[in-house]
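Novice: 3D model of this:
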Amino acid sequence: ELGEFQIMEVTSMEKQRIEWIDYAKAIGIFLVIVGHGFAPEEGLDLFSRNFIYAFHMPLFFFISGFLFRIKETGFIRFSRNNIKSILVPYILLNMLAAIIITPPLAYSQGFEGLYDRCVEFIIGGGHSFAGASWFLLAMFWVRTIAYISLKYNKVLLATILSIAITYC
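Specialist: Coordinates of the predicted model:
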């Protein structure tokens, strides 16, 4: 019975929340709201806004990387789960936004405006149909590169892949 108690104790300890991560996420959420909620002319000077923008999203990526664990047994299964949980929502969100935004965008900016939004959607830019959904595509690539690097110990391959994606 003592052995079972120890196993249950370890299992419950593994599921405990890490307080500093909760605090860091709360601070990050607050900074996202402050950074996006106020224009420089509304009281938040440009220096403060740029300071917030310099680290509020990297903070979330850091936390995500800290919590990243490989659960899948193979790259195909990992990729399937990664596509289903991150890439599909990115595509669906942008398709829904494209349906809503295309008529007024085509009217006001013509083909050039639609073309620009399509390019932003493909590269994960900040001006895709769904606006700032770039972080989903970025998270997809970060998780894929991290998997290759951690699971297969292919740091050089992960570095080359990172540089290629960044260049594109």
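
Novice: Excluding chain neighbours, give the residue nearest to residue 162 in space.
Specialist: Spatial nearest neighbour of residue 162, chain neighbours left out: residue 145 (5.5 Å); criterion: C-beta to C-beta, 6 or more residues apart in numbering. For glycine as for every other residue, the C-beta is placed from the backbone atoms N, C-alpha and C.

Novice: pretty sure the one you found is touching residue 160, no?
Specialist: No. Contact between residue 145 and residue 160 fails when scored by C-beta atoms under 8 Å: they sit 9.9 Å apart.

Novice: how about residue 93, secondary structure?
Specialist: Recorded secondary structure, residue 93: helix (DSSP: H, G, I helix; E, B strand; the rest coil).

Novice: More neighbours: residue 145 and residue 160, which one.
Specialist: Ranked by neighbour count (other C-beta atoms under 10 Å), residue 145 and residue 160 place residue 145 first, with 18 against 12.

Novice: starting at the chain centroid, how far to the helix or strand harbouring that one?
Specialist: Using DSSP states H and E, residue 145 sits in helix 134-152. Its chain's average C-alpha position is 10 Å from that of helix 134-152, according to C-alpha atoms, centre = their mean, to the nearest Å.

Novice: on that earlier part again, report pLDDT for the residue nearest to residue 162.
Specialist: Residue 145 is assigned 83 on the pLDDT scale.

Novice: before we move on, what about residue 123?
Specialist: Model confidence at residue 123, given as pLDDT, is 82.

Novice: next one: residue 72
Specialist: At residue 72, the model reports a pLDDT of 71.

Novice: my guess is it is in a helix, correct?
Specialist: No. Using three-state DSSP, the assignment for residue 72 is coil, not a helix.

Novice: Quick check: chain neighbours aside, which residue is closest to it?
Specialist: Nearest one to residue 72, counting by C-beta to C-beta, 6+ apart, is residue 78 at 4.0 Å.

Novice: In three-state terms, label that neighbour for me.
Specialist: With three-state DSSP as the basis, residue 78 sits in helix.

Novice: so how far is residue 151 from it?
Specialist: Going from residue 78 to residue 151 by C-beta to C-beta, to the nearest Å gives 8 Å.

Novice: Which parts of the protein are helices?
Specialist: Taking DSSP state H as the test, the helices found in the chain are 2-14, 19-37, 46-67, 75-82, 88-123, 134-152, 155-167.

Novice: Can you mark which positions in stretch 60-78 are buried?
Specialist: Judged by neighbour count using 16 or more other C-beta atoms under 10 Å, the buried positions of stretch 60-78 are 60, 63, 78.
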